[in-house]
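Q: next comes the sequence, and after it the predicted model I'd like to discuss.
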Amino acid sequence: QVQLVESGGGLVQAGGSLRLSCAASGRAFSRYAMGWFRQVPGKEREFVAGISWSGTRIYHKDSVKGRFTISRDNAKNTVYLQMTSLKPEDTAVYYCAADFTDWALRDDEYNDWGQGTQVTVSS
């Protein structure tokens, strides 16, 4: 099990950028697949980006491809989500999640979750 703490959310104008960070503590971070999810009240949680434990496999949701980039630094036990060209529809609570496996693409595969960080994009 790992404990996850997100940071970096906030209010930004459309077209702006934010970088979310997720710091992990606990068992070997480098053995965990990591993912970023987001949720808007009243809507289902959606999988935004995922990265394998080695960083060699990466997934980005179609609507964020070319704008968001997931990365990880295993030496720092941290996963990042760089978000650029932000749009109002990116407004959501963003969650970091971990799964003790090399690669995971479904939210039901992830066992450990952070508390979330709010991202608000104004038009």
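A: On my side now, so go ahead. It should be emphasised that the depicted structure is a prediction, and the values quoted were computed from it without experimental measurement.
Q: pick out the residue closest to the middle of this structure.
A: Trp36 (2.3 Å; CA atoms, centre = their mean).
Q: how much space is there between that residue and Thr78?
A: 13 Å (CB to CB, to the nearest Å). The way it works is simple: take the backbone N, C-alpha and C, and place the C-beta from them, glycine included.
Q: how about Asp112: what's its closest non-neighbour residue?
A: Ala98 (4.4 Å; CB to CB, 6 or more residues apart in numbering).
Q: thinking again about what came up before, overlap of the contact sets of Trp36 and Thr78?
A: Cys22 (CB atoms under 8 Å, 6 or more residues apart in numbering).
Q: identify the bridge partners of Ala98.
A: Met34, Asp112 (DSSP bridges).
Q: quick check: it touching Leu4?
A: Yes: using CB atoms under 8 Å, Ala98 makes contact with Leu4 at a distance of 6.2 Å.
Q: give the residues shared as contacts by those two.
A: Between them, Ala98 and Leu4 share these contacting residues under CB under 8 Å, 6+ apart: 24, 112-113.
Q: and those residues as JSON lines, adding neighbour count and distance to Ser71?
A: Formatted as JSON lines, the shared contacts of Ala98 and Leu4 follow (neighbours: other CB atoms under 10 Å; distance: CB to CB, whole Å):
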{"residue": "Ala24", "neighbour count": "24", "distance to Ser71": "14"}
{"residue": "Asp112", "neighbour count": "18", "distance to Ser71": "19"}
{"residue": "Trp113", "neighbour count": "17", "distance to Ser71": "20"}
